[in-house]
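**Q** Next come a sequence and a model predicted from it.
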Amino acid sequence: MIVLGLEGTAEKTGVGVIDSEGNILFNKTVMYKPPVQGINPREAADHHAETFPKLIKEAFEYVPKEEIDLVAFSQGPGLGPSLRVTATAARTLALSMKKPIIGVNHCIAHVEIGKLVTDAQDPLTLYVSGGNTQILAYVGGRYRIFGETLDIAIGNCLDQFARNCGLPHPGGPYVEKLAKEGSRLLDLPYTIKGMDITFSGLLTAAIKKYEQGERLENVCFSLQEVAFSMLTEITERALAHTDKGEVMLVGGVAVNGRLREMLRDMCEEQGVDFYVPRRDLCGDNGVMIAYLGLLMYLSGRRMSIEETKPIPNYRSDTVEVTWIDEEGG
Ligand code: ATP
Ligand code: FE2
C-alpha cells in the first residue's frame, strides 16, 4: 500500500509518500518566507495553494499517480486558512483519483514518524516548534498532553526575540549560533506553572536586556539557558508522572544542540533512553502525515468527505488510537 501525505498546518508546505513497509519514497517541504512582521495566515494559505500542485506533480515523478492508494492530510491543529487549503487540496486529489482520504492529527504524526525512524517504542515526547510546545505520551489508549505552553511556543519566542534584535527569520538558528559566544547568565524570568510553562514574560525581559545595551551574545545565551531549563524541567516532571523509559525530542527546535544536550543529561541522570529523529523528519513534513494516515487506515479507520473539515484546535487526546496494541507497541 502507498500513501501520499499533505502537510500544511502553518508556514510550511510539505508532500510525502510512504509505503506500508515504511520506505520513504518522496518527501519535500517548501517554506513560505514571511515578511519581517511575521506570518500572515492568508499569505501562508496562498503559499500552500501555489505550492501543493507543484509538489504533488513532483511526487508523481517519483511514484506514479496510479500507485497511490490513500491520500492523508494534516487536519489540525493549525492556522484556519492554511488548514482549509490543505483539506481542499487533499479532497480534490482523493476525489479525482477515486481513492480514500484520511485527516490526521499533526502532533501525533510527529510522534509516530519519530518512532518509525528511531529505536523509540513508547516514548514521552517533547514536541517543540514555531507553533507548538507540548509533552505527549501514550497512556490509557490515548496520546495525552502532560505539559504545554500556556502562551506562545518556544520557536515563536526565539523567532520574535530575533526579529526584535534585527536577526533574520526564522531566528532559532541565529540565536543558537550567537549563544555559543555568550557566557554571562543574565537574570531572566523562569516560569513554570505545575506541568505547564509560559514564554511571553521571558521574551519581553530578554528583549529589554538587549535594548538596555547588554551584548546580544549574552542575551541569546541566557534566553536559551532559561527557556531550555524550563522545558527540561517539565519533561522531567512528566517522566515521573508517566513512568516511561524513553524520551524523544521532535519539532523544528529539536535540531538545537544545547536543548539536546540538556535533555540528554537529564535522561542520563534518570536512566532513560533519549532519541531525536534525523533532521529532515524533526520539523514539519509530508511523510509524517502519510505515515500516520497509513497506520490509521491499516487499523481500520475510514473517513467520509464530511469528516474531513479542518480542526484548528485539534487536541491529540481527542484522537481514538486504533493502531497501537495494549502494550503500547
Ligand atoms: P509547527 O507547525 O509544528 O508548529 P513550524 O511551522 O514551526 O511547525 P518547524 O520546522 O517544526 O515548523 O519549526 C520551526 C521552528 O524551529 C522555528 O521557530 C525556528 O526558529 C526553530 N528552529 C530551527 N532551527 C533551530 C535551532 N537551531 N535552534 C532553535 N530553534 C530552531
Ligand atoms: Fe509540527
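**A** Sure, I can see it. Residues are numbered from 1 along each chain as shown. Ligands and ions are numbered 1, 2, ... in the order given.

**Q** these two touch, right, Leu186 and Cys220?
**A** No: counting by C-beta atoms under 8 Å, Leu186 does not reach Cys220; the two are 10.3 Å apart. C-beta coordinates here come from the backbone N, C-alpha and C atoms, glycine included.

**Q** Settle it for me: which of these two has more neighbours?
**A** A count of neighbours by other C-beta atoms under 10 Å puts Cys220 above the other of Leu186 and Cys220, at 27 against 17.

**Q** quick one: contacts of the strand or helix carrying Val30?
**A** Val30 belongs to strand 24-31 when assigned by DSSP states H and E. Residues from elsewhere that reach strand 24-31 (C-beta atoms under 8 Å, 6 or more residues apart in numbering): 2, 7, 11-19, 47, 51, 55, 58-59, 62-63, 280-281, 283-287.

**Q** Got a PyMOL select line for the buried ones in the residues you listed?
**A** Of the contacts of strand 24-31, the buried ones go into a single PyMOL selection, burial set by 16 or more other C-beta atoms under 10 Å:
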select buried, resi 2+7+11+12+13+14+15+16+17+18+19+47+51+55+59+63+281+283+284+285+286+287
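
**Q** now, which of the contacts of strand 24-31 lie within strands?
**A** Ile2, Glu7, Lys12, Thr13, Gly14, Val15, Gly16, Val17, Ile18, Asp19 (DSSP state E).

**Q** Pull the contacting residues for the residue nearest to the last one when sequence neighbours are not counted.
**A** Of all residues beyond its chain neighbours, the one nearest Asp19 is Ile2 (5.0 Å), with distances taken as C-beta to C-beta, 6 or more residues apart in numbering. With contacts defined as C-beta under 8 Å, 6+ apart, Ile2 is in contact with Val17, Ile18, Asp19, Ser20, Leu25, Val63, Glu67, Ile68, Asp69, Leu70.

**Q** ok, now how distant is Ile2 from Ala290?
**A** Using C-beta to C-beta, to the nearest Å, Ile2 is found at 9 Å from Ala290.

**Q** any common contacting residues for these two?
**A** Common contact partners of Ile2 and Ala290 (C-beta under 8 Å, 6+ apart): Val17, Ile18.

**Q** Tell me, how many residues neighbour the residue of the chain found nearest ligand 1?
**A** Closest contact between the chain and ligand 1, by C-beta to the nearest ligand atom, is at Gly252 (1.8 Å). Other residues near Gly252 come to 24 when the count uses other C-beta under 10 Å.

**Q** wait, doesn't it sit right on Gly283?
**A** Yes: contact criterion C-beta under 8 Å: Gly252 and Gly283 qualify, at 4.1 Å.

**Q** Next, Ala109: phi, psi?
**A** Dihedral pair for Ala109: phi -60, psi -40, per degrees, to the nearest 10.

**Q** ah, wrong one, I meant Asp273
**A** According to degrees, to the nearest 10, Asp273 has phi -80, psi 150.

**Q** if I pick the closest residue to ligand 2 within the stretch 101-250 of the chain, what's in contact with it?
**A** Here the residue of the stretch 101-250 of the chain nearest ligand 2 is Ser129; by C-beta to the ion that distance is 4.6 Å. With contacts taken as C-beta under 8 Å, 6+ apart, Ser129 has the following neighbours: Ala153, Ile154, Gly155, Gly251, Gly252, Val253, Gly283, Asp284.

**Q** near ligand 1, which residues of this protein?
**A** Those residues of the chain that sit near ligand 1, judged by C-beta under 6 Å from any ligand atom, are 9-12, 129-132, 155, 158-159, 170-173, 176, 251-253, 255-256, 283-284.

**Q** PyMOL command to pick out the buried ones of these?
**A** Buried members of the residues of the chain next to ligand 1, defined by 16+ other C-beta under 10 Å, are picked up in PyMOL with:
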select buried, resi 9+10+11+12+129+130+131+132+155+158+159+170+171+172+176+251+252+253+255+256+283+284
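
**Q** Among the residues of the chain next to ligand 1, which are located in helices?
**A** Among those, DSSP state H puts Gly155, Leu158, Asp159, Gly172, Pro173, Glu176 in helices.

**Q** State the pLDDT value of the first one.
**A** The pLDDT attached to Gly155 in the predicted structure is 97.

**Q** Also Arg301?
**A** pLDDT, Arg301: 97.
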